[in-house]
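> okay, structure incoming, though there's no sequence with it:
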RNA sequence: GGAGAGGUGGCUGAGUGGUCGAUAGCGCCGGUUUGCUAAACCGGUAAGGGGGCCUAAACCUCCUUCACGGGUUCGAAUCCCGUCCUCUCCGCCA
């Protein structure tokens, strides 16, 4: 959410920001309603104050008749206050509905425009591979090596679900181990989070459960939903808290499953593991002071690069344009891995594997997470940031497709070998075995 | 799932209808004393929002908040209903 006062004081700037982000919000209507709300709020406060004053004098009334007279006066004021309050509540509800639609403000350096305005700001260390044979896509590779069963996934849970098998299981676990260990070394506190969260936590992070276009699976007869990312649970972790600024930034790393309905996404780039309803993700999350968030955003992006450099996956980093930022992000960097099996006729293409966002105070305002400097008066809203360390399903695509060999085997990235127990995935599970 | 107990300021803990935003202790901040430290003593110490105030600080003032939401009442930490959470015991389960 944006701050109401900020919107009111900067209506033109907010309007322009909405335009750049492709969000149609009626700023003028918001301003009108908010102006009326403020007047009504003053009225309610005034009536309430007067009613309180009268109530305080009743205990000290001299006699019964004066007591009764004051009670009547008090009753009259309370009723007037209640009536005004009702109008205020109605205005408030209407305003919040509009307020929720405002996207966050945008970083001044974020490129303005739609997808085509994306700016490449960095390349990974590993070069895009050149194959002297026709590379396969990850579905072919995985099926020939007996690593993946999409048909069984569909039988059990429908399209978009899958079974991982054999070394793919080891790879998934290895990616988790590798990423978590790496982040622990960088001062991140590892956490395994709930895979479900309350709907108001979802909404605080910026997800809309039960909407028509929702990405979220809801649990029937409850106010719980399956999380789409551990960003939701990690962000919700400190709801309502006031943090000591001396302890910031807080660096967390969450392990969770992620569930996404992918409503309306059928038909485009849905082959294999690229767009699935469930996957495992190692997520970074940070709470910072307002001054720290830009620096922390660079840190998160840097860590994502280190991870994929270590895995020798070729990638580029994109500074996401305003039109693609979504609601909560102030700025977003995406890592796009080279995926040889993607694109027209298997020519290869870039596919998003991680993403890191600085959400400034957009999430903390709704979640009410503040920070306070010792000895200073008042609190400020913290800034929240998130970044993908490893989204396992997409990392698997990049690893399988980039590391494939002419004989159809897959070379295991060096940092994963201790966990997978072999250097190469061949035709048969256990073919190369673990060394004794 | 069943039974019981409970949720009050940074913490402990009193408070069962009227200047109670709340006794007391601990902690913390300031001061006195002291060669230094400690102790002792004195004073201060919840948060959020609005206004005085055109900008910052200080100060003053009002409102809201005793888990959350509703109800009763002129008035609720206190009475009633619902929800959530915590703890104990029993059952069940990985």
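That came in fine, so what should we check first? The model shown is predicted, which means the values in this text are computed figures rather than measured ones. Numbers count the residues shown, from 1 in each chain, chains lettered A, B, ... in the order given.

> parallel or antiparallel, list what pairs with the helix or strand bottoming out on mean pLDDT in chain A.
Every helix and strand of chain A was ranked by mean pLDDT, DSSP states H and E. The lowest is strand A:242-244, at a mean of 79. Using DSSP bridges, the strands paired with strand A:242-244 are strand A:370-372 (parallel).

> give me the residue from the stretch 301-436 of chain A nearest RNA strand B.
Nearest residue of the stretch 301-436 of chain A to RNA strand B: residue A:379, at 3.2 Å (CB to the nearest atom of the strand). For the C-beta atoms, the positions are set from N, CA and C on the backbone; glycine is no exception.

> what sits opposite the closest residue to that residue other than its chain neighbours in the beta ladder?
Of all residues not flanking residue A:379 in the chain, residue A:370 sits nearest, at 4.0 Å (CB to CB, 6 or more residues apart in numbering). Here residue A:370 sits in beta bridges with residue A:242, residue A:381, going by DSSP bridges.

> show me what residue A:252 is bridged to.
Beta bridges link residue A:252 to residue A:189, residue A:285, judged by DSSP bridges.

> neighbours of it, just the number please.
23 (other CB atoms under 10 Å).

> kindly report the same for residue A:199.
If we define neighbours as other CB under 10 Å, then residue A:199 has 18 of them.

> flag every residue of the stretch 251-400 of chain A that's near RNA strand B.
Residues of the stretch 251-400 of chain A lying close to RNA strand B (CB under 7 Å from any atom of the strand) are A:370, A:372, A:377, A:378, A:379.

> farthest pair in those residues?
Largest separation among those by CB to CB: A:370 and A:377, giving 12.9 Å.

> who has more neighbours, these two?
Neighbour comparison, residue A:370 and residue A:377: the larger count goes to residue A:370, with 19 against 6 (by other CB under 10 Å).

> touching, that one and residue A:380? I think so.
Yes - between residue A:370 and residue A:380 a contact is recorded at 6.3 Å, counting by CB atoms under 8 Å.

> for residue A:341, give me its contacts.
By CB atoms under 8 Å, 6 or more residues apart in numbering, residue A:341 lies in contact with A:135, A:136, A:137, A:138, A:139, A:140, A:141, A:348, A:397, A:401.

> show the model's pLDDT score for the fourth one.
With respect to pLDDT, residue A:138 scores 95.

> what's around the residue of the stretch 301-436 of chain A closest to RNA strand B, how many residues?
Neighbour count of residue A:379, defined by other CB under 10 Å: 14.

> any idea how far it is from residue A:235?
18 Å (CB to CB, to the nearest Å).

> dump the residue contacts of residue A:261.
Applying CB under 8 Å, 6+ apart, we find residue A:261 in contact with A:214, A:215, A:216, A:217, A:277.

> quick one: the residues you listed as JSON lines, columns for pLDDT too.
Putting the contacts of residue A:261 into JSON lines (pLDDT from 0 to 100) gives the following:
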{"residue": "A:214", "pLDDT": "80"}
{"residue": "A:215", "pLDDT": "86"}
{"residue": "A:216", "pLDDT": "89"}
{"residue": "A:217", "pLDDT": "90"}
{"residue": "A:277", "pLDDT": "94"}
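
> among the residues you listed, who's most crowded?
residue A:216 (21 neighbours).

> residue A:334 belongs to a strand?
Yes - Residue A:334 sits within a strand when classified using DSSP: H, G, I helix; E, B strand; the rest coil.

> contacting residues for it?
A:317, A:318, A:320, A:352, A:354, A:355.

> could you rerun that using 10 Å?
For residue A:334, the contact set (CB atoms under 10 Å, 6 or more residues apart in numbering) comprises A:118, A:301, A:304, A:315-320, A:324, A:350, A:352-357, A:388.

> got it, and residue A:8?
Residue A:8 neighbours (CB under 10 Å, 6+ apart): A:14, A:27, A:30, A:31, A:34, A:35, A:38.

> can you tell me which of those are in strands?
If you go by DSSP state E, those have nothing in strands.

> most neighbours, which of these?
Neighbour counts for the contacts of residue A:8 (other CB under 10 Å) peak at residue A:30, which has 24 neighbours.

> gap between it and RNA strand B?
17 Å (CB to the nearest atom of the strand, to the nearest Å).

> same thing with residue A:189?
Between residue A:189 and RNA strand B the distance, using CB to the nearest atom of the strand, works out to 20 Å.

> can you count the residues close to that residue?
12.

> could you report the pLDDT at it?
With respect to pLDDT, residue A:189 scores 93.

> could you double-check that it sits in contact with residue A:250?
Yes - counting by CB atoms under 10 Å, residue A:189 touches residue A:250, with 7.9 Å between them.

> for these two, list the residues in contact with both.
Joint contacts of residue A:189 and residue A:250 (CB under 10 Å, 6+ apart) are residue A:285.

> check which helix or strand covers the closest residue to RNA strand B within the stretch 51-200 of chain A.
Closest to RNA strand B within the stretch 51-200 of chain A is residue A:74: 2.9 Å, counting by CB to the nearest atom of the strand. Using DSSP states H and E, residue A:74 sits in helix A:64-99.
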